[in-house]
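Enquirer: The sequence and its predicted three-dimensional model are supplied below.
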Amino acid sequence: MLLKSKAVQLWARRLHIYVSMALLLVVLFFSVTGITLNRPELFVKSQPTVDSLSLALPNSLMNSGSRAFVPDEQALLEFLDANAAISGMPSAMEVFTEVEDGELLEGEIALDYKGPGYNATVFIDLLNQQAEIEKNHYGIVAVLNDLHKGRNSGEVWKWFIDITALLMVFFVLTGVCLLLPKKKTLNTSMKWMALGSLTTLFIFIFAVP
């Protein structure tokens, strides 16, 4: 059988070892954060750290957009990044303006930023060209939990989770491949697999509400 050949076994053993070492800290991370997610009552839930900031918008920014009295979106985001130290991913901007005879009577912009264990709200009064910013930091446990779920963590981190999951599958398959030539060990392993699978199914059917 091809899977039992010496060459396949040699490469399966090597890859099993290399993948296990590559995933060592990653598996520990997802294991620990699995506990923090499943048992939040075990961890002290502190109030978020709140930072507030007022920021004046320059006149040049107010005239950079295609609409009168509304800044160019990219220019505004770059200004906020440079002057307010905001992290996370920005939402779409909500813009409201009331203009009469070329004069701004009322105008405001609202948006928020979200990142792992973090969010910020931005409210801009276009009439006085003032931005009010509030940043909330929820602590390291919240950061780790959001990273575990891939929430507000960006496309690169999502790809990292996908690749990690595929490597874990590969790690399992190479482990099975290594067991195939060892008949006694394989039989015992299959019994443990059956026990684990049936236990999981039993808990799901009878214990999950």
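Expert: Looks like it came in fine.
Enquirer: Now do the end-to-end distance for stretch 61-74.
Expert: Using CA to CA, to the nearest Å, the end-to-end distance of stretch 61-74 comes to 11 Å.
Enquirer: Kindly report the same for stretch 42-61.
Expert: End-to-end distance (CA to CA), stretch 42-61: 48 Å.
Enquirer: List the buried residues in that stretch.
Expert: L57 (16 or more other CB atoms under 10 Å). In this view, the C-beta of every residue, glycine as well, is placed from N, C-alpha and C.
Enquirer: How about stretch 152-159?
Expert: Those would be 152-153, for stretch 152-159 by 16+ other CB under 10 Å.
Enquirer: Next: stretch 85-94.
Expert: By 16+ other CB under 10 Å, the buried positions in stretch 85-94 come out as 86, 88, 90, 93.
Enquirer: which element is the nearest residue to the last one once chain neighbours are set aside on?
Expert: Right, the one you point to is M93. With CB to CB, 6 or more residues apart in numbering as the criterion, M93 has its nearest non-adjacent residue at 4.8 Å, and that residue is L111. Here L111 is covered by strand 103-115, with elements defined by DSSP states H and E.
Enquirer: Beyond that strand, next helix or strand please.
Expert: Following strand 103-115 in sequence order, the next helix or strand is strand 118-125 (DSSP H and E).
Enquirer: follow-up on the earlier one: these two touch, right, the residue nearest to M93 and G88?
Expert: No - L111 lies out of contact with G88 (CB atoms under 8 Å); the separation is 11.0 Å.
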